[in-house]
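Visitor: Predicted coordinates and the sequence they were generated for:
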Amino acid sequence: MVMIHGFPDYWITWRHQMDALAADYRVVAMDQRGYNLSDKPPAVEHYDLGLLVADVAAVIEACGETKAIIVGHDWGGAVAWRFAMTRPEMTEKLIVLNLPHPRGLLRELAHNPEQQKSSAYAREFQREGAYTNLTAEGLSFWVTDPLARPRYIEAFQRSDFQAMLNYYKRNYPREPYQEDASALVKVQCPVLLIHGLKDRALLHPALNENWSYVERDMTLVTIPSADHFVQQDAAELVSRTMKSWLQR
């Protein structure tokens, strides 16, 4: 099982889920490019989703495996969706937290003024020099565990803020927003989609029709009390849901 973080978090985000699953699964949580101790190539094109997918494949191969259960949150969720679509032979099952299918997000950006408003932060991150407004302390605002927060700050101090925003510059849609008109490639494996409904960046209407992009069964779990960082806000429920779904 490979767990992929998003913005702004790193591998220890998955601590509760790793502990819950470790007895039954080999669990690997990877920091993506730009974060913590991982490589930090400078150019924007180095953060293309195709390269990020290749990084996940390299981790699976380095573990001596040919396929894995792929788990992702936020940008890690975007990588996870793309991985499942382009590397189906390496994807046993797919679990995505608070990142609707990219076609659902594009649809909402094209037609939903509320999602357009909620994506103002992404447009700001795409501006030149936006990384200068970031701090390790500010990026750790969402961490509620007083023992974990210093570790997050240390990890962000080792990270590259400019590289972290290259994810948005390279991959996030730009105005004028349009729906994805390319040929649909359906995900071939079972999918578990977990979404905290208080997420103010990725609004829940983007979840509609996600089942149309999946060839197999898709399980959707919405958690009204959780925000964007659902793996923290509802850690026990997320861990229990993942475990029961995997052991069906």
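Guide: On my side now, so go ahead.

Visitor: mind listing what's buried in the helix ranked longest in the chain?
Guide: Counting by DSSP state H, the longest helix found in the chain is helix 49-62. Residues of helix 49-62 classed as buried by neighbour count (16 or more other CB atoms under 10 Å): 49, 52-53, 55-57, 59-60. C-betas here are computed from N, CA, C, even on glycine.

Visitor: so residue 192 sits in a strand?
Guide: Yes. In this structure, residue 192 lies within a strand as judged by DSSP: H, G, I helix; E, B strand; the rest coil.

Visitor: What residues does it make contact with?
Guide: Going by CB atoms under 8 Å, 6 or more residues apart in numbering, residue 192 touches 93-96, 218-219, 221, 241-242, 245.

Visitor: So the residue lying closest to residue 229 once chain neighbours are set aside: helix, strand or coil?
Guide: Leaving aside its sequence neighbours, residue 229 sits nearest to residue 142 (CB to CB, 6 or more residues apart in numbering; 5.3 Å). At residue 142 the chain is in coil, as set by three-state DSSP.

Visitor: Go ahead and confirm residue 142 touches residue 232.
Guide: Yes. Using CB atoms under 8 Å, residue 142 is in contact with residue 232, at 7.2 Å.

Visitor: What count of nearby residues applies to residue 128?
Guide: 8 (other CB atoms under 10 Å).

Visitor: Over to residue 133?
Guide: Neighbour tally, residue 133, other CB under 10 Å: 12.

Visitor: Backbone torsions only: list them for it.
Guide: For residue 133, the backbone dihedrals (degrees, to the nearest 10) come out as phi -90, psi 0.
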